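Undergrad: below is the sequence, then the predicted model.
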Amino acid sequence: MVRFTHWVTAISSVLLLWSGIEILISHPRLYWGEYGNVNTPALFQIPIPASRASVPTGYGYVLPDQNGWARSLHFQCAWALVVVALLYVAYGFVAGHFARHLWPRPADLRWRSLSRSVRAHLRLKPEVDDADYNVLQRTAYSAVVFVLFPLTIWTGVAMSPAVVSAFPALVTVLGGQQSARTLHFFTAFALVLFLVVHVAMVALTGFWSRTRAMITGGAKGGAA
């Protein structure tokens, strides 16, 4: 179950990132509150050209507009991710996966254990344990599973007019639809950073053996 949900999540996340970038290019300006457009000050402007000439970016050209198919793909992959995330969370609690493999144990939070793991990762030589995650891995995965992914899904849903019309509190708590869009961008950016570090750690501890283990489940190897 963990391997299945891992790869569905990985494929969905790559497609979400690709389509999300195309959506962002159509209006690379972020706002705070309920409303935001080219006539209002931007909270943050991403220094890239837009795919629409009406959006001021400082560039003398526009990129091809891929907003149509990108939105369709983004929504489809988002719902696939929500379904598999619910399946994974249900399995994690029922089977005890979170308690055994993800949540930091009291012994892991002792200074000696923490400092040893930090030093190993700073040297880019993480400890290889064939049976378990170390404290930094447990903390990172717990943050992704219980903080970043739920926040990304929440902020994404808060931008849906159909969902918000039925549950307006979803966006009101965040401060408005433009606030939800801005938070969605930064949580997605944090997930991309996690992905980069995750793949780097897999490569450092044996990319093909670790990838094979996550596909077949028949090879032993440290978790990355």
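TA: Alright, I've got the coordinates.

Undergrad: in which helix or strand would I find Tyr88?
TA: When elements are assigned from DSSP states H and E, Tyr88 belongs to helix 67-94.

Undergrad: mean confidence for that helix?
TA: This predicted structure assigns helix 67-94 an average pLDDT of 94.

Undergrad: now that helix: buried residues?
TA: Residues 67, 70, 73-74, 77-78, 80-81, 84-85, 88-89, 91-92 are the ones in helix 67-94 that count as buried (16 or more other Cβ atoms under 10 Å). For the C-beta atoms, the positions are set from N, CA and C on the backbone; glycine is no exception.

Undergrad: same deal with stretch 144-160?
TA: Under the neighbour-count rule (16+ other Cβ under 10 Å), stretch 144-160 has 144-145, 148-149, 151-160 buried.

Undergrad: which residue lies farthest from the center of the chain?
TA: Distance from the C-alpha centroid of the chain peaks at Gly60, with 32.5 Å (Cα atoms, centre = their mean).

Undergrad: now the buried residues of helix 67-94 as CSV including distance to Phe167?
TA: CSV is the format used below for the buried residues of helix 67-94 (distance: Cβ to Cβ, whole Å):
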residue, distance to Phe167
Asn67, 26
Ala70, 25
Leu73, 24
His74, 20
Cys77, 22
Ala78, 16
Ala80, 21
Leu81, 19
Val84, 22
Ala85, 18
Tyr88, 23
Val89, 20
Tyr91, 26
Gly92, 25
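
Undergrad: tell me the confidence at the spatially most central residue of the chain?
TA: Here the mean C-alpha position of the chain is nearest to the C-alpha of Leu191 (Cα atoms, centre = their mean), at a distance of 3.3 Å. On the pLDDT scale, Leu191 is placed at 95.

Undergrad: also Asp132?
TA: On the pLDDT scale, Asp132 is placed at 66.

Undergrad: again, but for His198
TA: His198 is given a pLDDT of 88.

Undergrad: ok, now the one 4 residues further on?
TA: Val202 is assigned 84 on the pLDDT scale.

Undergrad: does anything pack onto the host helix or strand of it? Which helices or strands?
TA: Using DSSP H and E, Val202 maps to helix 177-204. Counting contacts by 3 or more Cβ pairs under 8 Å, 6 or more residues apart in numbering; DSSP states H and E, helix 177-204 packs against helix 2-26, strand 29-30, helix 149-157, helix 169-172.

Undergrad: run the chain-centre distance for it.
TA: Between the centre of helix 177-204 and the centre of its chain there are 5 Å (Cα atoms, centre = their mean, to the nearest Å).

Undergrad: buried stuff in it?
TA: Of the residues in helix 177-204, those with enough neighbours to count as buried (16+ other Cβ under 10 Å) are 177-185, 187-188, 190-191, 198, 201-202.

Undergrad: and stretch 20-31, by the same measure?
TA: 20, 22-31.

Undergrad: just want to check the distance between Gly68 and Ser19.
TA: Using Cβ to Cβ, to the nearest Å, one gets 11 Å for the distance from Gly68 to Ser19.

Undergrad: where does the chain have its least confident helix or strand?
TA: helix 111-122 (a mean of 62; mean pLDDT, DSSP states H and E).

Undergrad: quick one: Phe149 from Trp69, how far?
TA: The span separating Phe149 from Trp69 equals 25 Å under the rule Cβ to Cβ.
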